[in-house]
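1. Let me see the structure of the following:
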Amino acid sequence: MPCVDSPDVTASPTPLPAAVLWDMDGTLVDTEPYWVAGEHEIVEAAGGTWNDDYAHQLIGNDLLVSAQFIKDHSPTTLTPQEIIDHLLARVVEQVREHMPWRPGAQELLASLAEAGVPCALVTMSWRSLADAVVGALPAGTFAAVITGDEVSHGKPHPEPYAAATRALNLSVTDCVAIEDSPTGVRSAVAAGVPTVAVPHLIPVPELAGSVQVPTLVGLTAYDLGELAERARVGSGAPAPR
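-> Numbers count the residues shown, from 1 in each chain. As a prediction, this is how the structure comes out:
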């Protein structure tokens with residue numbers, strides 16, 4: 001009789017993350033084209049021109065930082081707050097007409113819900129837009145929502161992700177973040193959260209404490225647990241207790 005190797009009964013599966021912390025724009029929903037269209041409207045209404053290089057520099061930023069950049073690089077006479085108000089109104093209107101989910105995002109949220117893994121939304125967009133996106137999902141999809149108008153320091157500062165883990169009463173190292181931009185990845189890594197980068201419109205540099213995947217399509221809650229473990233190994237962080 002041929003000898004068959006016995007399974008390694010001592011091996012334990014990679015644990016699920018304690019929670020998943022989602023970026024929104026460019027990660028959960030593909031709203032970046034909506035933001036860029038709004039930026040063009042503001043600048044061109046003032047007689048200026050806007051370009052993709054400027055627009056890409058704003059991806060993932062705190063909205064006040066982005067608004068000040070638009071003011072500094074165009075002839076608009078709007079204040080930063082007025083720029084934000086215009087952009088938010090434009091993007092909220094568009095997402096209510098059509099919610100541009102990123103590929104695989106809704107399916108991954110469903111997998112996490114089935115596995116009992118809580119989620120938090122960590123976005124530099126303000127509450128009005130976050131509420132419009134969250135309202136299009138099943139009730140209870142996100143156990144906490146952290147928005148750019150409710151923190152003192154926006155991404156790439158670690159405060160947004162630290163705030164999310166406090167809201168969930170969890171350790172940062174036991175969670176995993178999903179981000180699409182360099183600014184967002186730096187924020188999550190700086191907070192100590194193992195991070196999965198899914199680059200979208202702009203490249204994301206390889207950073208200790210993060211791993212990269214090309215898409216969310218096909219990923220499950222258990223896949224995120226394995227990716228989080230890889231990110232921890234790269235950062236030297238301890239495994240979950």
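2. now the helices for the chain?
-> 32-45, 52-57, 63-72, 80-97, 105-115, 127-134, 159-168, 182-191, 221-235 (DSSP state H).
3. Tell me how far the last one lies from the chain's centre.
-> Going back to what we said before, that points to helix 221-235. Between the centre of helix 221-235 and the centre of its host chain there is 17 Å, according to Cα atoms, centre = their mean, to the nearest Å.
4. list the buried ones in that helix?
-> In terms of neighbour count (16 or more other Cβ atoms under 10 Å), helix 221-235 has its buried residues at 221-229, 231-232, 234-235. C-betas here are computed from N, CA, C, even on glycine.
5. I'd like those residues as TSV, with distance to Ala144 and pLDDT appended.
-> Converted to TSV, the buried residues of helix 221-235 look like this (distance: Cβ to Cβ, whole Å; pLDDT from 0 to 100):
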residue	distance to Ala144	pLDDT
Ala221	18	95
Tyr222	22	94
Asp223	22	96
Leu224	17	96
Gly225	20	95
Glu226	24	96
Leu227	21	96
Ala228	18	95
Glu229	23	94
Ala231	21	95
Arg232	22	90
Gly234	26	71
Ser235	23	63
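6. of all the helices of the chain, which lies closest to Asp149?
-> With Cβ to Cβ as the measure, helix 127-134 is the member of the helices of the chain nearest Asp149 (6.0 Å).
7. Excluding residues flanking it in the chain, which one is nearest Ala163?
-> Spatially, and ignoring its direct neighbours in sequence, Ala163 is nearest to Ile146 (5.0 Å; Cβ to Cβ, 6 or more residues apart in numbering).
8. and that neighbour, how many residues sit next to it?
-> 23 (other Cβ atoms under 10 Å).
9. related to what we said a few turns ago, do you know which of the helices of the chain lies nearest Met24?
-> helix 127-134 (6.2 Å).
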